[in-house]
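[1] Sequence below, structure please.
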Amino acid sequence: MNSFTEYLWFETPQRQALVNITDRLGDLVEKSGIQEGMCLVSAMHITAAIWVNDEESGLKKDLFKWLEELAPAKPDYLHHQTGEDNADAHLKRTLLHHQAILPITKGKLDVGPWEQVFYAEFDGQRRKRVVIKILGE
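    A predicted model of the protein is given here:
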């Protein structure tokens, strides 16, 4: 089995953002030379997530609205007693999850016709990274 590792860096100007990384992942799969295997995409920060879904503006707005309803930005989280103010970002990340595993077939990401991969940021405005680990033959 062969492996390939790369890091993507992000610094979003907004506190919350979705960044489509599908094409970048495809480029990394090609660079890796792996023909059959898996691509692990993992956000390395506890207030960011990886989301696989449709590149559609209404859906993305619906996502942020839904997350805000489930984990609203508010001042009374116990986590804030530590001096932080980002408990909602931690909870939003928990709802979306921190990573995705994507198949590689014939040297390409093997995703559905509408599937796109997003870096989801919930406490931005500082530098963060995502690890890409590609395994296979």
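[2] Double-check Lys128 against Ala17; I have them as touching.
    No - Lys128 lies out of contact with Ala17 (CB atoms under 8 Å); the separation is 11.0 Å. Glycine gets a C-beta too; all of them are placed from N, C-alpha and C.
[3] Following the chain past the top helix by length along the chain, name the next helix or strand.
    Longest helix in the chain by number of residues (criterion: DSSP state H): helix 57-70. Remark: after helix 57-70, the chain's next helix or strand is helix 87-96, criterion DSSP states H and E.
[4] outside of the next helix or strand after that following helix, which residues touch it?
    Downstream of helix 87-96, the first helix or strand assigned by DSSP H and E is strand 99-105. With contacts defined as CB atoms under 8 Å, 6 or more residues apart in numbering, strand 99-105 is touched by 25, 29, 34-43, 50-52, 109-111, 117, 134, 136.
[5] Can you give the strand pairings for the following helix or strand past strand 99-105, parallel or anti for each?
    Remark: after strand 99-105, the chain's next helix or strand is strand 108-109, criterion DSSP H and E. The strands beside strand 108-109 in its sheet (DSSP bridges) come out as strand 99-105 (antiparallel).
[6] And the partner strand, what's buried?
    Across strand 99-105, burial judged by 16 or more other CB atoms under 10 Å covers 100, 102, 104.
[7] Which positions within the helix or strand harbouring Val19 qualify as buried?
    Using DSSP H and E, Val19 falls within strand 17-20. Within strand 17-20, the residues that count as buried by 16+ other CB under 10 Å are 17-19.
[8] Let me know the closest of those residues to Asp76.
    Closest approach between the buried residues of strand 17-20 and Asp76, by CB to CB: Ala17, at 25.2 Å.
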